[in-house]
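In: here's my sequence, what's the structure:
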Amino acid sequence: RPSRGGTGRSGAAALLASSSGHGGGGKDWEGGDGDGGSILGASLLFAGTAVGAGMLALPAETIDAGFVPSVAGLTLCWAFTYVTSLYTLEASWMATELARKEAIVLDDGGGTTMGKVWEGRMMGKIAGGRGGGGGGGGGFLAISRRALGVPGELVTGMLFWFLLTSIVVAYTSEGGQLVAQLADGMLPSLPLPSVSSPGAVPPAALGSVLFAAFFGSLATTGTSRVDSVNRILVAGLAGAFLGLAGLGLPRIDISNLFGRADWGALYPAGISVGILSFGAQNVVPTLLAYLGDDPVRTRRAILLGSLAPLVLYAMWEAVFLGIVPGDAAASGMEVVEVLGQAGGNAGRDLVGTFSACAVGSSMAGASVSLVDFFEDLIALSGVGVGQGGRERGEEDRPGAGDSGGSAGDARLLAAVLALGPPVLLSYTYPDIFLTALEEAGLLGGVSLYGVLPALSIWSLRRSSADMTMPGRLGGGDGALCALFLLS
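Out: Model (predicted):
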């Protein structure tokens, strides 16, 4: 599983591996130049990290604004993502280069050794990887520690926790709704002990518990199992989207697309969910490492990978807002239900499949990232980890055997700490899906991906004035100040 801590899904790793194409011809877009992976594979990873259940919330948050303001808002969110991703790239590149320079030491024979570099890479795995968005000591926590000191590192860690927890709360809440609907359809007459009368719909709160329990148990068994389940969910997501597009495009009513435009309805909810739907900045350090620490090729991958969701979301908005009249849904996720009704039985089935696969695949990646984040904290504190611990993911390899009992205990503890609070919130507030995504986008996403990279670059450029990343974003301090003020 690639190192990231946001909304992305572990299934994107499969896309990365399958498209890397390291053989033959040495083409830049296909197989790289021998020093790294392919731009195509890296762009797919960025796009796969961005696209998720946030896409499900977009029409619900933008239907009041209308199609034209919605696409304009998505373009603004794309620009924010692209700019902040390039600043994240520069900060990660500078942190990695500084770590490499500091780690290379002269040996007794006058040569050099990279032993300290390897040590730094392993520390980056904890401080900058997985929950910290990482790769090779250039992840968010490592960047913040180097540029902003321990206070910056602590703030970054808290923001990652807030962002991941808000996302998991949203997915657990919506997953509970889907579980309740599924149980109502499959078991309409089954008397459940948690409902007041036989045949009643199981409450969404109970569904949230079951939903989180499934993905929590999956997260503790190993990343390979999560990836196996996630591949199925991603395939279902892609198939349902193509089906909805094919079903919906001929039914679009032009008057629905251009008959209303309320620009004031776009902010804050539409912009917030839009920023969250594009959020893949946390995977940028991984892309840099994958592309051989080549910032120019990484910048191209970011451009391609961010444009793909923009096109996808514009099509998605056209289908939803072109079919569903502005006054057809009272509020929130009812917009999705109205689209299903407009498409008949096939539309309802496709919407249900898309919703389940979008929430499930996003929950798979987000829950593993949050569990990894807490496991890293447990490892740093030494709680529950003995001498017999092992590397994460080692349980998937033959011969791992009995050597990791304490590591397994730490993983279980991390799962309880990570998923316990989201389950309680979702159980208490079953309809918190959209609210949690809005808060995650505005407070978590903007602060983590906008404010922190701007401050980090400002600090790193002053402390290392002799280092200039090839292809870095122009604008100087004025652009950094503008991003800070905008964020």
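In: how about the helices in the stretch 101-250 of the chain?
Out: Counting by DSSP state H, counting those that start in this stretch, the stretch 101-250 of the chain has helices at residues 115-127, 140-186, 204-221, 223-248.
In: dump those helices to JSON lines, plus mean pLDDT and mean neighbour count.
Out: C-betas here are computed from N, CA, C, even on glycine. Listed next are these as JSON lines, based on pLDDT from 0 to 100; neighbours: other Cβ atoms under 10 Å:
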{"stretch": "helix 115-127", "mean pLDDT": "37", "mean neighbour count": "18"}
{"stretch": "helix 140-186", "mean pLDDT": "82", "mean neighbour count": "22"}
{"stretch": "helix 204-221", "mean pLDDT": "84", "mean neighbour count": "21"}
{"stretch": "helix 223-248", "mean pLDDT": "81", "mean neighbour count": "18"}
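In: kindly reformat the ones you listed as CSV containing distance to Thr88.
Out: Listed next are the helices of the stretch 101-250 of the chain as CSV, based on distance: least, Cβ to Cβ, whole Å:
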stretch, distance to Thr88
helix 115-127, 15
helix 140-186, 8
helix 204-221, 26
helix 223-248, 24
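In: how about those helices, which one is nearest Leu483?
Out: With respect to Leu483, and counting by Cβ to Cβ, the nearest of these is helix 140-186 at 15.1 Å.
In: so after whichever strand or helix holds Ala346, what's the next helix or strand?
Out: Assessed by DSSP states H and E, Ala346 sits inside helix 344-381. On the C-terminal side of helix 344-381, the nearest following helix or strand under DSSP H and E is helix 405-428.
In: tell me which residues in that following helix are buried?
Out: By neighbour count with 16 or more other Cβ atoms under 10 Å, helix 405-428 contains the buried residues 407-415, 417-419, 422-423, 425-427.
In: try stretch 455-468
Out: Buried, per 16+ other Cβ under 10 Å, within stretch 455-468: 455-461, 464.
In: helix or strand: which one has Asn275?
Out: You called it Asn, but residue 275 is Ile. Applying DSSP H and E as the criterion places Ile275 in helix 269-278.
In: so which bits of the helix or strand following that helix are buried?
Out: Downstream of helix 269-278, the next assigned helix or strand under DSSP H and E is helix 284-290. By neighbour count on 16+ other Cβ under 10 Å, the buried set for helix 284-290 is 284-290.
In: just checking, what packs against helix 284-290?
Out: helix 39-50, helix 67-103, helix 295-323 (3 or more Cβ pairs under 8 Å, 6 or more residues apart in numbering; DSSP states H and E).
In: just those helices: most buried one?
Out: Sort the helices and strands packed on helix 284-290 by mean neighbour count, taking mean count of other Cβ atoms under 10 Å, and helix 39-50 sits at the top with a mean of 27.
In: just want the angle from that one to helix 344-381.
Out: Computed by axes from the mean of the first three to the mean of the last three Cα atoms, to 10 degrees, the angle separating helix 39-50 from helix 344-381 equals 100 degrees.
In: looking at this, Gly37 is in a strand?
Out: No. Under the criterion used here (DSSP: H, G, I helix; E, B strand; the rest coil), Gly37 is coil, not part of a strand.
In: ok, it touching Ala289?
Out: No. With contact defined as Cβ atoms under 8 Å, Gly37 does not count as touching Ala289 (9.3 Å).
In: now do the shared contacts for the two.
Out: Listed as contacting both Gly37 and Ala289 by Cβ atoms under 8 Å, 6 or more residues apart in numbering is no residue at all.
In: returning to that earlier point: and the helix holding Ile275, what other elements does it pack with?
Out: In this structure, helix 269-278 makes packing contacts with helix 54-62, helix 67-103, helix 295-323, helix 433-439, judged by 3+ Cβ pairs under 8 Å, 6+ apart.
In: out of the ones you listed, which is closest to Gly175?
Out: With distances scored as Cβ to Cβ, the stretch of the helices and strands packed on helix 269-278 nearest to Gly175 is helix 433-439 (9.1 Å).
In: after that closest one, which helix or strand is next?
Out: Heading C-terminal from helix 433-439, the first helix or strand you meet, by DSSP H and E, is helix 446.
In: hang on, isn't Ala57 packed against Ile275?
Out: No. The pair Ala57 / Ile275 is not scored as a contact, 12.0 Å apart, by Cβ under 8 Å.
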